[in-house]
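> fold the following.
(one chain, ligands or ions: 2)
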Amino acid sequence: MSSDSLTIIQPDDWHLHLRDGEMMQLVAPMTAKQFGRAIVMPNLRPPITTADQALKYRESILKATFDSEFLPLMTLYLTDNTEVEEIDKAKASSFIKAVKYYPAGATTNSDSGVTRIDNVYPVLERMQDLAIPLLLHGEVTDEHVDVFDREAVFIDRILIPLRQKFPELKMVLEHITTQQGVDYVLSQDKNLGATITPQHLLLNRNAIFKGGINPHHYCLPILKREIHREALVKAATSGDPRFFLGTDSAPHTQINKESACGCAGIFSAHAAIEFYALAFERAGALHQLEAFASFHGADFYGFSRHSKTITIKKEPWTIPSEINIGKAKIIPFMAGEELSWKIS
Ligand code: DOR
Ligand code: ZN
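Ligands and ions are numbered 1, 2, ... in the order given. Next up is the predicted model:
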């Protein structure tokens with residue numbers, strides 16, 4: 001590693017929204033250019049709740065990324081009505097790698113999510129037996145809980161009892177955003193990992209309100225105070241194998257973001273590894289980027305690490321201010337800003 005070039009084993013994205021249709025055609029190749037594999041979220045409309053749907057979705061992603069070696073790792077969307085047999089089918093499929101829990105109403109396309117965690121105990125039991133990881137959107141939806149506290153309250157109310165009931169079930173606390181999230185993961189010595197997004201490493205909640213309301217910095221879980229951002233940076237750059245890369249890149253059109261009721265989600269797939277490089281560089285920890293981006297997630301899920309490498313170079317460039325999608329546009333993360341790193 002010189003100070004202006006960094007070669008690392010090819011990374012994977014352990015939490016990604018690829019959408020479908022025209023949007024997928026646009027965004028999937030961007031991820032495939034950087035990452036070897038990605039855990040693909042199932043919150044489409046309608047959601048991917050069955051192994052058959054996941055198979056079709058996977059085929060469409062493979063088509064959209066045909067000129068790469070990109071491997072989509074599929075997930076099922078857990079609902080109150082998910083059948084235990086569907087878990088057996090998922091296991092037999094060999095390409096479904098996890099099941100995603102959204103509390104009903106927590107975020108984009110989560111209305112079919114779980115209303116009470118005990119509704120899905122039989123399914124979780126089978127996942128534990130078959131070693132299929134549970135991926136958690138870790139927020140409560142209780143209206144009495146402040147939006148900035150939803151992750152911390154989720155840990156106390158849902159996660160701690162859940163881990164006691166299913167100690168052998170592998171879980172990933174997705175897109176952690178708080179000191180409490182970091183501390184809880186650190187308190188668990190097996191079967192729990194956490195993904196961290198680029199926006200939660202680079203921004204605190206002031207970014208949502210800087211100079212006016214900034215819908216392009218709105219995502220869920222929402223950005224938090226600076227002390228939380230600092231805790232996340234410390235965790236990500238620590239070399240601790242429980243923390244790994246998951247962009248949560250979640251594209252929405254400009255119109256759907258800049259609206260009276262704007263969608264949650266930040267699109268970062270256009271320069272994902274560069275954003276992480278920036279965050280790690282700022283922390284003086286570029287030497288830890290490879291472990292976070294390319295080793296820890298693969299090790300947690302039980303995949304082999306890639307043998308291919310990618311190189312990122314110190315080469316300032318300007319992120320486009322918008323990306324066209326048919327007649328619509330996506331406003332990418334850090335639109336119009338200069339970024340110091342570029343993938344070769
Ligand atoms: O900000 C978010 N956007 N958080 C989520 O949990 C879902 C995602 C999306 O699908 O847009
Ligand atoms: Zn997500």
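> next one: phi and psi at Thr311?
Backbone torsions for Thr311, taken as degrees, to the nearest 10, come to phi -120, psi 130.
> would you confirm that it contacts Lys342?
No. With the criterion set as CB atoms under 8 Å, Thr311 and Lys342 do not qualify as a contacting pair; they are 9.8 Å apart. The way it works is simple: take the backbone N, C-alpha and C, and place the C-beta from them, glycine included.
> those two: who's more crowded?
The residue with the greater number of neighbours, taking Thr311 and Lys342 and applying other CB atoms under 10 Å, is Lys342; the counts read 16 against 11.
> double-check that that one belongs to a strand.
Yes. Counting by DSSP: H, G, I helix; E, B strand; the rest coil, Lys342 is found in a strand.
> can you tell me the SS state at the spatially closest residue to it that is not a sequence neighbour?
Using CB to CB, 6 or more residues apart in numbering and skipping residues adjacent in sequence, the residue nearest Lys342 is Glu315, 4.4 Å away. Using three-state DSSP, the three-state assignment for Glu315 comes out as strand.
> for Glu315, which residues are in contact?
Taking CB atoms under 8 Å, 6 or more residues apart in numbering as the criterion, Glu315 is in contact with 340-342.
> from those, pick the one nearest ligand 1.
Top of the list for closeness to ligand 1, among the contacts of Glu315 and by CB to the nearest ligand atom, is Trp341 at 24.0 Å.
> would you mark the buried spots in whichever strand or helix holds Gln164?
Assigning secondary structure by DSSP states H and E places Gln164 in helix 160-165. Within helix 160-165, the residues that count as buried by 16 or more other CB atoms under 10 Å are 162-163.
> show me the contacts for Val140.
103, 150, 153-154, 157-158.
> which one of those residues has the most neighbours?
Phe154 (27 neighbours).
> residue ranges in the protein under the pLDDT threshold?
Counting by pLDDT under 70, the chain contains low-confidence ranges at 1-2.
> who in it is up against ligand 1?
Applying the criterion CB under 6 Å from any ligand atom, the portion of the chain that neighbours ligand 1 consists of 17, 43, 107-108, 137, 219-220, 250, 264-265.
> packing partners for the helix holding Gln164?
helix 121-130 (3 or more CB pairs under 8 Å, 6 or more residues apart in numbering; DSSP states H and E).
> contact partners of the helix it packs on?
Residues outside helix 121-130 that contact it (CB under 8 Å, 6+ apart): 78, 82-84, 86-88, 91, 99, 133-134, 162, 165-166, 168-169.
> counting only strands, which of the residues you listed make the cut?
Using DSSP state E, the subset of the contacts of helix 121-130 located in strands is 99, 134.
> I'd say Ile117 and Arg163 touch.
No. Counting by CB under 8 Å, Ile117 sits too far from Arg163 to count as a contact (11.7 Å).
> Met304 contacts Leu71, correct?
For the record, residue 304 is Ser, not Met. No. In this structure, Ser304 sits apart from Leu71 without contact. The criterion is CB under 8 Å, and the distance is 11.7 Å.
> these two: who's more crowded?
Between Ser304 and Leu71, counted using other CB under 10 Å, Leu71 has the larger neighbour count: 17 against 7.
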